[in-house]
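> Below is the sequence, then the predicted model.
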Amino acid sequence: MSDAEQVDEVDAALAELVAELATCITSLGAARERAAELQELRAGGMGWLEAVRAEEPPLIVERISGALESLNTVGGRWRRREAAALHGAGMSINEIARLFGVTRQRASVLVRTTEETG
């Protein structure tokens, strides 16, 4: 893979991450609003069963799970691309490990996985 192709992949992964973060922020904002509504209902004496049954989909838990899942997927792709780009730019595996807060072995896997998948 050429340097230009790698840069394009890193930029594409970053753009995908930015878009997914915006989506998650919107979804989690709606979850926060609904959680506040639940607090009000509970403070007003409504039971849990009644309060949750009144909740319209997607439920708070669904929004949270969806955000975590999508961020794990998109964030993982970004992490691998970033690690490979940094390594390609001359950063050592040890430096990447320190920067990412992972072991040297994990940093090596991040770089190698990206190189193998092209």
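All right, it came through fine.

> which residues are in contact with the helix or strand of the chain with the lowest mean pLDDT?
Lowest on mean pLDDT, DSSP states H and E among the helices and strands of the chain sits helix 104-117, with a mean of 85. By C-beta atoms under 8 Å, 6 or more residues apart in numbering, the residues outside helix 104-117 that reach it are 79-81, 83-84, 87, 93-94, 96-97, 100, 102. Yep, even glycine has a C-beta here, placed from its N, CA and C like the rest.

> do the same with stretch 14-21
70-71, 74-75, 77-78, 81-82.

> Phi, psi for L59 please.
phi -70, psi 160 (degrees, to the nearest 10).

> hmm, what's the outermost residue in the protein?
For the chain, the residue at maximal distance from the C-alpha centroid (C-alpha atoms, centre = their mean) is G45, at 36.4 Å.

> what pLDDT does that residue get?
Per-residue pLDDT puts G45 at 96.

> same check, this time on E95
Predicted confidence (pLDDT) for E95: 98.

> Same question for G29.
So, for G29, pLDDT stands at 97.

> Pull up the gap between it and G101, please.
G29 sits at a distance of 28 Å from G101 (criterion: C-beta to C-beta, to the nearest Å).

> Pick out whichever of these two has more residues nearby.
Set G29 next to G101 and count neighbours by other C-beta atoms under 10 Å: G29 wins out with 11 against 8.

> what's the helix or strand for G76?
Per DSSP states H and E: G76 is located in helix 60-88.

> contacts for the helix or strand following that helix?
Downstream of helix 60-88, the first helix or strand assigned by DSSP H and E is helix 93-100. Residues outside helix 93-100 that contact it (C-beta under 8 Å, 6+ apart) are 79, 83, 86-87, 91, 103-104, 106-108, 110-111.

> Please export the C-alpha coordinates of helix 93-100 as PDB.
Extracted in PDB, the C-alpha atoms of helix 93-100 (Å, rounded to 0.1, in the frame of the first residue of the first chain):
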ATOM      1  CA  ILE A  93       5.700   0.200  18.700                       C
ATOM      2  CA  ASN A  94       6.700   1.100  22.300                       C
ATOM      3  CA  GLU A  95       5.800   4.700  21.700                       C
ATOM      4  CA  ILE A  96       2.500   3.800  20.200                       C
ATOM      5  CA  ALA A  97       1.800   1.500  23.200                       C
ATOM      6  CA  ARG A  98       2.500   4.400  25.600                       C
ATOM      7  CA  LEU A  99       0.400   6.800  23.600                       C
ATOM      8  CA  PHE A 100      -2.600   4.500  23.400                       C
END
